[in-house]
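Chemist: Task: produce atomic coordinates for the following.
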Amino acid sequence: MARFVEGFIVARFRLAGWEWVDELLSAGWTPEQKGQFLAYLPFTHDAWTRVAKVLGTDAGAYWTRTNAWPYQVDEGLSDAIDELLKYERPLAAMRSLTRLVHDKKPVKTDQAIRVLLSAPLSKEARGGIDGYEMVELIKYLQTNPETDRARLIQVEWLYLGLLEGYNEFQPKTLQRELAEQPALFCELIRAIYRSKTAEEPKEEPSEEQKFLAKRAFRLFHEWTVPPGSTDDGGIDEAALGGWLEQVKSSTKESGHLEVAMITVGHVLAHSPPDPAGLWLHRAAATVLDAKDGEDLRSGFMTELYNQRGVLWVDPTGGEERKLAADYRKKADEIENAGFHRVATSLRQVADGYIREAERIAKETDNE
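Modeler: Have a look, this model is predicted:
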């Protein structure tokens, strides 16, 4: 019956327009009846002005019921988003925000952050909202210089565990914060891994500690911004060195030095080429080549393997042999630049691919 009434109201409105609406609103209906009646009509500024006039302080009777479909709106959408937030409709508000982003219209960054921080806790039906819209809104905030960085970090941290499977979501602000704040890096390392020197905790981790560890692990898994990274895509050697020394000092004291260095080695595998032409930035190569950099090089090598991803397996092992040849060439180049320990590690990577090629070829012959 409700669908029947809705269909009648929509069709009648198309024929008779707002004059018919105003005539009916003058009847002695309850605020809930008037709110539901208006909620069946197009989500436009014309409807909102009548909500304010007819319902006043009872406007929630409309804003909690409207489908908030924003594709007939010409003006005032930002004000409507505020009303939807007021009546705890962040998912509906998000749909309107993504409409503004898509149409390249101004978006209030503080409003968008409020929507994103509220959406995961919303009790609304989730029809019409998906992860893609959330990702697009976060990407907009990441590229808008007016966005409050501290609050954007909160958003990225929250959505780390909510947008798994959406490869376009990258917590860029969080990643840069890790690259700039050694204390944050050390805190998250301690949240995930047990100390090698401290006594084993007697109690099981709390749910809050488990939550923190899971998010931190996910962040490290996606981290591709090396410490010392500059805005022009390079690496500041002094900044990298200073960051690393603080991390070494802190994690050595807490008993997390080894795993911290392995983790740093992972992100150094994402270093850019050197401006002088070397395939690896010299600032990264310098710290990797240090005498005490064995754990850094271990993490570096592991991430080089991981960067290959999942590929079709050539039954002859040809792809692995090509990779081995490429790493041998890189080893020669890095050794000629004076980084002998890094060259040795790269040759170990090459040897690993040769062994893999031989294993694949052998299994193919035995089939």
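Chemist: Give me the contacts around the helix or strand harbouring A150.
Modeler: Counting by DSSP states H and E, the element that carries A150 is helix 149-159. When contacts are defined by Cβ atoms under 8 Å, 6 or more residues apart in numbering, helix 149-159 is touched by residues 110, 113, 116-117, 120, 134, 138, 141-142, 169, 171-174, 177, 215, 219. The C-beta positions use only the backbone N, C-alpha and C, and glycine is treated the same way.
Chemist: Give me the buried entries from the residues you listed.
Modeler: Members of the contacts of helix 149-159 that pass the buried threshold by neighbour count (16 or more other Cβ atoms under 10 Å) are listed as 113, 116, 134, 138, 141, 169, 171-174, 177, 215, 219.
Chemist: how about these in CSV, adding pLDDT and secondary structure?
Modeler: Supplementary listing: the buried ones among the contacts of helix 149-159 in CSV, determined by pLDDT from 0 to 100; DSSP: H, G, I helix; E, B strand; the rest coil:
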residue, pLDDT, secondary structure
I113, 96, helix
L116, 94, helix
M134, 87, helix
I138, 94, helix
L141, 96, helix
F169, 86, coil
P171, 93, coil
K172, 93, helix
T173, 95, helix
L174, 95, helix
E177, 96, helix
R215, 92, helix
L219, 94, helix
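Chemist: Tally up the residues packed near V5, please.
Modeler: By other Cβ atoms under 10 Å, the residues close to V5 number 12.
Chemist: show me the contacts for I81.
Modeler: The contact partners of I81, taken as Cβ under 8 Å, 6+ apart, are 93, 96-97, 111, 115.
Chemist: gap between it and T109?
Modeler: Between I81 and T109 the computed distance is 13 Å (Cβ to Cβ, to the nearest Å).
Chemist: Likewise for L24?
Modeler: The span separating L24 from T109 equals 40 Å under the rule Cβ to Cβ.
Chemist: Specify which residue of these two has the higher count of neighbours.
Modeler: T109 (17 against 14).
Chemist: close enough to count as contact, the more buried one and Q142?
Modeler: No. When contacts are counted by Cβ atoms under 8 Å, T109 is not listed as touching Q142 (10.6 Å).
Chemist: Output the below-cut-off pLDDT ranges for the stretch 101-250 of the chain.
Modeler: 125-130, 165, 167 (pLDDT under 70).
Chemist: For F13, which three-state class applies?
Modeler: Using DSSP: H, G, I helix; E, B strand; the rest coil, the secondary structure recorded for F13 is helix.
Chemist: wait, what's in contact with the nearest residue to it once chain neighbours are set aside?
Modeler: Distances taken as Cβ to Cβ, 6 or more residues apart in numbering put L41 closest to F13, at 5.8 Å, once the chain neighbours are dropped. By Cβ under 8 Å, 6+ apart, the residues touching L41 are 9-10, 13, 21, 47.
Chemist: So which residues of the stretch 201-350 of the chain form helices?
Modeler: Assigned by DSSP state H, counting those that start in this stretch, the stretch 201-350 of the chain shows helices spanning 207-222, 237-254, 257-268, 282-288, 294-306, 318-336, 340-366.
Chemist: And for L77, the neighbour number?
Modeler: Applying other Cβ under 10 Å, we find 22 residues neighbouring L77.
Chemist: and if you look at E207?
Modeler: Residue crowding around E207 was assessed by other Cβ under 10 Å; the count is 8.
Chemist: that older thread, and the angle for the helix holding A150 with helix 207-222?
Modeler: Computed with axes from the mean of the first three to the mean of the last three Cα atoms, to 10 degrees, the direction of helix 149-159 lies at 100 degrees from that of helix 207-222.
Chemist: start at 21 instead
Modeler: That works, and once the first residue is 21, the last one we named lands at helix 169-179.
Chemist: List the buried residues for helix 169-179?
Modeler: In helix 169-179, the ones that count as buried by 16+ other Cβ under 10 Å are 171-173, 175-179.
Chemist: on that earlier part again, shared neighbours, I101 and T129?
Modeler: With the criterion set as Cβ under 8 Å, 6+ apart, the contacts of I101 and T129 do not overlap.
Chemist: tally of neighbours for A22?
Modeler: Neighbours of A22 (other Cβ under 10 Å): 8.
Chemist: again with the one 10 residues further on
Modeler: Residues within reach of R32, counting by other Cβ under 10 Å, total 13.
Chemist: so what's it closest to, chain neighbours aside?
Modeler: That would be W40: by Cβ to Cβ, 6+ apart, it lies 6.5 Å from R32.
Chemist: Contacts made by the helix or strand where that neighbour lies with the rest, please.
Modeler: Under the criterion of DSSP H and E, W40 resides in helix 22-45. Applying Cβ under 8 Å, 6+ apart, the set of residues contacting helix 22-45 from outside is 54, 57-58, 60-62, 66, 70, 74.
Chemist: between the helix or strand following it and helix 22-45, how many degrees?
Modeler: Sequence-wise, the next helix or strand downstream of helix 22-45 (DSSP H and E) is helix 51-59. Between the axis of helix 51-59 and that of helix 22-45 there is an angle of 100 degrees, by the same axes, to 10 degrees.
Chemist: Can I get helix 51-59 in PDB? Just the C-alpha atoms.
Modeler: What follows is helix 51-59 as a C-alpha-only set of coordinates in PDB (Å, rounded to 0.1, in the frame of the first residue of the first chain):
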ATOM      1  CA  PRO A  51       4.100  16.300  11.000                       C
ATOM      2  CA  GLU A  52       4.900  12.700  10.200                       C
ATOM      3  CA  GLN A  53       2.300  12.600   7.500                       C
ATOM      4  CA  LYS A  54       3.600  15.800   6.000                       C
ATOM      5  CA  GLY A  55       7.200  14.700   6.200                       C
ATOM      6  CA  GLN A  56       6.400  11.400   4.500                       C
ATOM      7  CA  PHE A  57       4.400  13.100   1.800                       C
ATOM      8  CA  LEU A  58       7.300  15.500   1.000                       C
ATOM      9  CA  ALA A  59       9.800  12.600   1.200                       C
END
